[in-house]
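Trainee: Predicted model and sequence below, questions to follow.
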Amino acid sequence: MENITEFTLFAPRNKGAALIGSFSDWKEIPMSKGEDGYFRTQIKLEDGVYQYKFRIQTKSPNFTPDEWIDVIDPKATDVNETEKYSRVRIQDGRPIVDTYLWQHDETPLPDNRELVIYEMHVADFTGDEVGSHKGGKYLGIIEKLDYLCELGINAIELMPVNEYPGDYNWGYKVRHFFATESSYGSTEDLKRLIDECHGRGIRVFMDGIYNHTDEECPLILIDRNYWYYEYKHYPEDPDNYWGPEFNYDNYDKNLNIKPAWEYISDVVEFWIKEYHIDGIRFDAVRQLANFEFFNWLTKQAKNHAAPKQFYNIAEHIPDTSTVVKPDGPLDACWHESFRYFIIPYICGQSFELEQLKQVLDPKQQGYAIATNAINYLATHDRERVLRELGNCGIFDTAAFQRAKLAATLLITAMGVPMLWMGEEFGEYQQKSEDVTKPQKITWSLLSAAQNHDLFEYYRKLIALRQQTPALQSDNIQFFYENADDKVLAYTRWDEQNSHVVIVANFSDQNLNQYKISDFPTAEYLRDWVGNREVESGEDGLVTDLPKYTAKIFVLQ
């Protein structure tokens, strides 16, 4: 049975447009333009899958004026980049993405305060260990969800999953905002991954690349200077120019809209409603530099996701508290300064107590609450901890010991911790310098004793955090410090009498029978690492502090 299907294309400054597709033997079907700037046509189609694209008189300056060109639909949910066409699936007379039925929408998901985030790249997270047909795909991640549950993480942050040219890329120059990367699997596979995560109590965040696009994004081909700044928007930082930048200042007075605002809002709404995502990590917030837009967009996102909680995360480097609530438009910011100072300290390159206290207590940097700051030791853009240590000539047992110190600080500092895939077992590959060359993590490392021991340490740390409200709170106090000995002690607590103390030795000396004055008193004090009861007296606590080690004490 045939039904009427409408095709639309928003191109308010273009003179003419036509629809061509497999349903017309690739012959032109005229489209009429309305006063709202949309070209439209309606055709009768039976249910099925069809290929199509638009033929339009371009307004882009790299073509002759009003030249007719073919473009992929800027809102296509499925594209063939090789053949340069869109696909549409018609069911009951309307376009659909697929027929996936969600199973776990009602499963409770963790609050932002409870989060431990795991950043991953779909293609590099898995390999042949999950089967050659699943390695590097959404299905491969599903195979590893039990591992992630064992580790204890309860949120994954996916590097971009938008369709990109070729079969491998980091995906940070988006060409198609509504289509998913076909080399990772089908749209159903991605939905199943998100659904399976939700069924295990794991939230799913995605990278949103809304500052810039690939040079062949359909919007550029249709009308470049309507959608993008005519010149670079961020000219004072040429090293951080990645492609044509959306013009969020452009106001179309004829239609009373800001077109870039509307388009990206549609993108965000689509991903929330179609893929049930739980948050977005907004890329290049510093370069986009439009807080008015972000304030509007993040409110839109939360409205679309309601009643489910939604987490809006800024990648703003260097980090700044101005981008987060209550004063800023987003909920959280990647806390780059945490990594920036912690890594040199564990490598023995420098040590400055006041800087250390600021990154462990981001309130000193203006962050109001714990969920405003996302702490990390490594990301896809930064070298891994063991690589940093190795670059300083620190290897083997000494390196793993310092990696544990860093892990302790990560999980016990105020803020939301985030791991870069493989960090938990000591992956040490150098950061990829080429976003088009695969670099799968080395799962075989887990069989090595020291790597497995590091994994177990992370697993126990994360479990402690999940079970201890004090480590999810906004409360942190430094009660002992000695710059000469490079020792710092701090306490975390909450209003329900959950109480944890961390004592860290950043020196290369074993401090035996070390006295920590003003140690909090408690009826019961347990050395978490040694799993034994200890006593503190009126004068404080006396304990052994091995070099580059942190001890955790649980108070009751």
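Mentor: That came through fine. Numbering: from 1, shown residues only.
Trainee: what's the neighbour count on Asn375?
Mentor: As a burial measure, Asn375 scores 26 neighbours (other Cβ atoms under 10 Å). Bear in mind the C-beta positions are built from the backbone N, C-alpha and C, glycine included.
Trainee: For it, give the beta-bridge partners.
Mentor: With DSSP bridges applied, Asn375 shows beta-bridge pairing to Pro417.
Trainee: My guess is it contacts Leu410. True?
Mentor: Yes. Contact criterion Cβ atoms under 8 Å: Asn375 and Leu410 qualify, at 5.7 Å.
Trainee: hey, what's in contact with both of the two?
Mentor: 338, 417 (Cβ atoms under 8 Å, 6 or more residues apart in numbering).
Trainee: so Phe39 sits in a helix?
Mentor: No. Counting by DSSP: H, G, I helix; E, B strand; the rest coil, Phe39 falls outside a helix, being strand.
Trainee: What separation is there between it and Gly208?
Mentor: 27 Å (Cβ to Cβ, to the nearest Å).
Trainee: Among these two, which residue is more densely surrounded?
Mentor: Gly208 (26 against 22).
Trainee: wait, the more buried one sits on Phe282?
Mentor: Yes. Using Cβ under 8 Å, Gly208 is in contact with Phe282, at 5.2 Å.
Trainee: Name the residues that touch the lengthiest helix in the chain?
Mentor: Under DSSP state H, the helix in the chain containing the largest number of residues is helix 449-467. The contact list for helix 449-467, computed with Cβ under 8 Å, 6+ apart, reads 114, 116, 150-154, 396-397, 400, 403-404, 407-408, 411-412, 417, 419, 424-426, 445-446, 471-472, 500, 528, 552, 554.
Trainee: quick one: buried residues of it?
Mentor: For helix 449-467, a neighbour-count test (16 or more other Cβ atoms under 10 Å) marks 450-451, 454-455, 457-458, 460-462, 464-466 as buried.
Trainee: How about stretch 38-52?
Mentor: 39, 41, 43, 45, 50-52.
Trainee: what's around Phe205, how many residues?
Mentor: For Phe205, using other Cβ under 10 Å, the count is 22.
Trainee: likewise Gln309?
Mentor: 15.
Trainee: separation between it and Ile272?
Mentor: 12 Å.
Trainee: And Ser432, by the same measure?
Mentor: Distance from Ser432 to Ile272, by Cβ to Cβ: 30 Å.
Trainee: Comparing the two, which residue is more hemmed in?
Mentor: A side-by-side neighbour count of Ser432 and Ile272, using other Cβ under 10 Å, places Ile272 first with 23 against 15.
Trainee: helices or strands next to the helix or strand harbouring that one in the packing?
Mentor: Per DSSP states H and E, Ile272 falls inside helix 259-275. Where contact means 3 or more Cβ pairs under 8 Å, 6 or more residues apart in numbering; DSSP states H and E, helix 259-275 is packed against strand 176-180, helix 187-199, strand 203-208, helix 218-227, helix 291-305.
Trainee: can you do 7 Å?
Mentor: Under the contact definition 3 or more Cβ pairs under 7 Å, 6 or more residues apart in numbering; DSSP states H and E, helix 259-275 sits against strand 176-180, helix 187-199, helix 218-227, helix 291-305.
Trainee: Gly279 versus the residue nearest to Lys273 when sequence neighbours are not counted, what's the distance?
Mentor: Leaving aside its sequence neighbours, Lys273 sits nearest to His304 (Cβ to Cβ, 6 or more residues apart in numbering; 6.3 Å). Counting by Cβ to Cβ, the gap between His304 and Gly279 amounts to 12 Å.
Trainee: Show me which of these two is the more surrounded one.
Mentor: Shown here are His304 and Gly279; by other Cβ under 10 Å, Gly279 has more neighbours (25 against 16).
Trainee: what residues are up against the more buried one?
Mentor: 203, 205, 310-313 (Cβ atoms under 7 Å, 6 or more residues apart in numbering).
Trainee: where along the stretch 251-400 of the chain do the strands fall?
Mentor: All strands of the stretch 251-400 of the chain, identified by DSSP state E, counting those that start in this stretch, fall at 279-282, 311-314, 332-334, 373-376.
Trainee: and if you look at the stretch 401-550 of the chain?
Mentor: Counting by DSSP E, counting those that start in this stretch, the strands of the stretch 401-550 of the chain are 416-420, 476-482, 487-493, 499-505, 511-516, 525-527, 532-534, 541-545, 549-555.
Trainee: Can you tell me which of the contacts of helix 449-467 are classed as buried?
Mentor: 114, 116, 151-154, 400, 403-404, 407-408, 411-412, 417, 419, 424-426, 445-446, 471-472, 500, 528, 552, 554.
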